[in-house]
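J.: I would like to see how this sequence folds:
(one chain, ligands or ions: 2)
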Amino acid sequence: MSCIFCRIAAGEIPSQKLHEDELVFAIRDIRPQAPVHILVIPKVHIASLWELEDEALAGRLVSVAARLARQEKLEQGWRLIANTREHAGQEVPHLHLHVLGGKKLGRMLPG
Ligand code: 5GP
Ligand code: ZN
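T.: Ligands and ions are numbered 1, 2, ... in the order given. This is a model prediction of the structure:
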């Protein structure tokens, strides 16, 4: 198994999970881009949002992201990002949502 997030999901690589249920788990990003930077990740290997067809899983990913934002007290605002495929700069080819917050974030602009 070479996929890093599959290995973390399987417990092959130890990690501190902020959330775990039967469908998804959440960990802090190893290279945080904001004071709060959490990844919400499906346990099954799905390459990106492009390949996601399971609506129950989609709903779970987003609701867990929102719950974690509340848990992290991001009432002043936060951002949900899903880098999808090459033009978005997706580095890890296993679907994940970024929860970012804890400071005023820059304008979201392409390019
Ligand atoms: P992408 O560019 O694919 O949307 O983001 C991948 C993210 O995964 C990056 O922010 C990167 O820092 C994070 N990441 C990559 N490898 C690991 C890891 O082994 N552990 C954790 N916690 N984050 C990782
Ligand atoms: Zn994977």
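J.: check the secondary structure at residue 57 for me.
T.: helix (DSSP: H, G, I helix; E, B strand; the rest coil).
J.: tell me if I'm right that it and residue 23 touch.
T.: Yes. If you go by CB atoms under 8 Å, residue 57 and residue 23 touch, sitting 5.6 Å apart. C-beta: built from backbone N, CA, C; applies to glycine.
J.: intersection of neighbour lists for these two?
T.: residue 42 (CB atoms under 8 Å, 6 or more residues apart in numbering).
J.: okay, now the closest residue to residue 46 other than its chain neighbours: neighbour count?
T.: Spatially, and ignoring its direct neighbours in sequence, residue 46 is nearest to residue 95 (4.5 Å; CB to CB, 6 or more residues apart in numbering). Look at residue 95: counted by other CB atoms under 10 Å, it has 26 neighbours.
J.: quick one: contacts of the lengthiest strand in the chain?
T.: With DSSP state E applied, the strand covering the greatest number of residues in the chain is identified as strand 36-42. The contact list for strand 36-42 (CB under 8 Å, 6+ apart) reads 5, 8-9, 18-19, 23-29, 57, 61, 64-65, 68-69, 72, 74, 78, 94-102.
J.: got a ChimeraX select line for the buried ones in these?
T.: Selection of buried members from the contacts of strand 36-42 for ChimeraX, criterion 16 or more other CB atoms under 10 Å:
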select :5,8,9,18,24,25,26,27,57,61,64,65,68,69,72,74,78,94,95,96,97,98,99,100,101,102
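J.: perfect, I'm done here.
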